[in-house]
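Engineer: the amino acid sequence is not available; the structure is as follows:
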C-alpha cells in the first residue's frame, strides 16, 4: 500500500487519528458564521468521492485557520523549535512558558478573510486557501505573526510565505490516476461554489491552543483584541 507521509505521524494506516501533541495559534471558524456551512458543504463533497477512503477527514468542530504554528512534541528540529527553549524541554513546560510570554502579546483586530482557491497537496490533503480581505487585515496578521515569533522564539523557514487555509482532509493513501481525476473534478466544483458563496469570514480573537491530536484544538489563552 502506498501510504502518504501523514501515516505514522498524525494518522494510522486505517485513517484513525494518532497521538500527536503540540500547541498552536489559530482562529476556529465561528459556529454561527454562514461561512462554516460553506466549509462543511465543501468537505461533504470530498467525503462523497469514491476515493474518500484514501483520506482522513477533520471533524466539523475543529475547522480553523492557523495563524502561527507553535510546537509539535514529536518534531524538535532546530528550524521549527523555539530558539528560547532547550530542545529537551517538555511540551507541558513549553506551553506554560508561552502562556507567560503571551502576557506581552500585542492586541489585534478581528481578521477578515475571503476565499482564494482549493489546494491539493501531493503528499497532504485538501484545503481551502483563504487570504486577507483588505489591507488592514493583511497588515494586522503580518504584525501578529511577527509579534508571536518574537515572543515564542519560533520562526519557521516558510514564515514569510505562509499560506492561510482551512484544512478539510489529510491524505492517508496516495491516489491512482483515476482517483486523481475524480479529486480534481470534485475540487473544481467546490472552487466554483466557494467563489460564488464563501463570502467574508470574520475571525474572533486569536486562540493559543494545545492539542493531543489533529481532531481537537483546545484554547488555553486568547490574545487581546483591539
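Structural biologist: Structure's in. What do you need? Just so we're clear, the structure is a prediction, and the values are computed from it rather than from any experiment.
Engineer: and the next element down the chain from the single longest helix found in the chain?
Structural biologist: Counting residues, the longest helix found in the chain (DSSP state H) is helix 177-197. Moving toward the C-terminus from helix 177-197, the next helix or strand (DSSP states H and E) is strand 200-202.
Engineer: next, the buried residues of that next one.
Structural biologist: For strand 200-202, the buried set under the neighbour-count rule, 16 or more other C-beta atoms under 10 Å, comprises residue 201. Every residue, glycine included, has its C-beta placed from N, CA and C.
Engineer: sheet partners, orientation included, of that strand?
Structural biologist: strand 112-120 (antiparallel) (DSSP bridges).
Engineer: quick check: mean pLDDT across the helix or strand just after the partner strand?
Structural biologist: Moving toward the C-terminus from strand 112-120, the first helix or strand encountered (DSSP H and E) is strand 126-132. Mean pLDDT, strand 126-132: 98.
Engineer: and the strands in the chain?
Structural biologist: 22-28, 55-57, 64-72, 112-120, 126-132, 165-167, 169-171, 200-202, 207-213, 216-222 (DSSP state E).
Engineer: kindly reformat the ones you listed as CSV containing distance to residue 158.
Structural biologist: Shown next, in CSV, are these (distance: least, C-beta to C-beta, whole Å):
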stretch, distance to residue 158
strand 22-28, 15
strand 55-57, 23
strand 64-72, 9
strand 112-120, 14
strand 126-132, 14
strand 165-167, 13
strand 169-171, 19
strand 200-202, 22
strand 207-213, 20
strand 216-222, 20
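Engineer: what's the closest of these to residue 144?
Structural biologist: Closest of those to residue 144 is strand 64-72, at 6.5 Å (criterion: C-beta to C-beta).
Engineer: which helices and strands sit right next to the closest one?
Structural biologist: If contacts are counted by 3 or more C-beta pairs under 8 Å, 6 or more residues apart in numbering; DSSP states H and E, strand 64-72 sits against strand 22-28, helix 91-101, helix 135-152, strand 165-167.
Engineer: and residue 8, how far from residue 212?
Structural biologist: 17 Å (C-beta to C-beta, to the nearest Å).
Engineer: ok, those two, which is more surrounded?
Structural biologist: Set residue 8 next to residue 212 and count neighbours by other C-beta atoms under 10 Å: residue 212 wins out with 15 against 11.
Engineer: just want the most central residue of this structure.
Structural biologist: residue 66 (4.2 Å; C-alpha atoms, centre = their mean).
Engineer: per-residue pLDDT, it?
Structural biologist: pLDDT, read off for residue 66, is 98.
Engineer: spatially nearest residue to it (excluding sequence neighbours)?
Structural biologist: residue 26 (4.9 Å; C-beta to C-beta, 6 or more residues apart in numbering).
Engineer: what residues are bridge-paired with that neighbour?
Structural biologist: Applying DSSP bridges to residue 26 yields these beta-bridge partners: residue 66, residue 207.
Engineer: number of residues surrounding it?
Structural biologist: Count around residue 26 with other C-beta under 10 Å applied: 21.
Engineer: same question for the one 4 residues further on.
Structural biologist: A count of nearby residues for residue 30, using other C-beta under 10 Å, gives 14.
Engineer: and the pLDDT for it?
Structural biologist: Reading off the model, residue 30 has pLDDT 96.
Engineer: wait, doesn't it sit right on residue 204?
Structural biologist: Yes: Residue 30 is within contact range of residue 204, at 6.5 Å (criterion: C-beta atoms under 8 Å).
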